[in-house]
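# The amino acid sequence is not available; the structure is as follows:
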């Protein structure tokens, strides 16, 4: 750990919260009826919603423009349909990414009659406006079971989903007491969102729903606690 690195922690219980019956959601950043001028996003990262959708519930068809939107499925299934003709049922561990660009409509539903679906819905501002809408996915494979796996990138390398932004997003999965390093280049920012389990970064213990960020260049260490950890790491230009 370099001494100059400075981190900011966003705790899970500081997030906005809404329970609509069919949807129980926590907002890391300002969204819908939750507004905090100090929490409007981090660089191009604009939304992290931690959603639990009840059986049979979901978002009916609605429009989006000029946003990169992706869902990371944690438990259950999510049925996606959009005006580009894509229809999918996403499983745990899978990621769907939709570049809304000049305009697209989509719906997201829980197709189960008895099980909720738990997912992270994340919005990232695109690098430019006027992009042709597109859809891409990332699925785990035997080749992608490393402790730090690139799941989204601008160029789609390593079989990652493709995003229209200078954003490199990694899935972190560490067993108990396992650790990995990440080096942040000058002029970039890192946001680590804990999904499951807990980890230690810069001497701070982070649990599910917590996040830690930095805009200090250098190498930092992510170490899993005794229960292991799953997280998303955003490296943003």
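All right, it came through fine. Predicted model, so just to flag it, every value in this text is computed and none were measured. Numbers count the residues shown, from 1 in each chain.
# check contacts around residue 171.
With contact taken as C-beta atoms under 8 Å, 6 or more residues apart in numbering, residue 171 is in contact with 148-149, 151, 230-233. The C-beta positions use only the backbone N, C-alpha and C, and glycine is treated the same way.
# ok, those vs residue 41, which is closest?
Distance to residue 41 across the contacts of residue 171 (C-beta to C-beta) is lowest for residue 232, with 15.2 Å.
# From the contacts of residue 171, list the buried ones, please.
149, 151, 230-233 (16 or more other C-beta atoms under 10 Å).
# and which of the residues you listed is nearest residue 223?
Looking across these and measuring by C-beta to C-beta, the closest to residue 223 is residue 231, at 11.6 Å.
# element containing the nearest residue to the closest one once chain neighbours are set aside?
Leaving aside its chain neighbours, residue 231 sits nearest to residue 172 (4.3 Å; criterion: C-beta to C-beta, 6 or more residues apart in numbering). Taking DSSP states H and E as the definition, one finds residue 172 inside strand 167-174.
# tell me which element the spatially most central residue of the chain is part of?
Among the residues of the chain, residue 122 comes closest to the average C-alpha position under C-alpha atoms, centre = their mean, at 4.9 Å. In this structure, residue 122 sits in strand 117-124 according to DSSP H and E.
# Moving C-terminal from that strand, which element do we reach first?
Counting by DSSP H and E, what follows strand 117-124 is strand 134-138.
# what comes up buried for that next one?
Buried-residue list, strand 134-138, by 16+ other C-beta under 10 Å: 134-138.
# same check, this time on stretch 172-190
172-174, 180, 182, 184, 188-190.
# how distant is that stretch from the center of its chain?
Remark: stretch 172-190 is offset 15 Å from the chain centroid, using C-alpha atoms, centre = their mean, to the nearest Å.
# Okay, now that stretch: how far is its last residue from its first?
End-to-end distance of stretch 172-190 (C-alpha to C-alpha, to the nearest Å): 13 Å.
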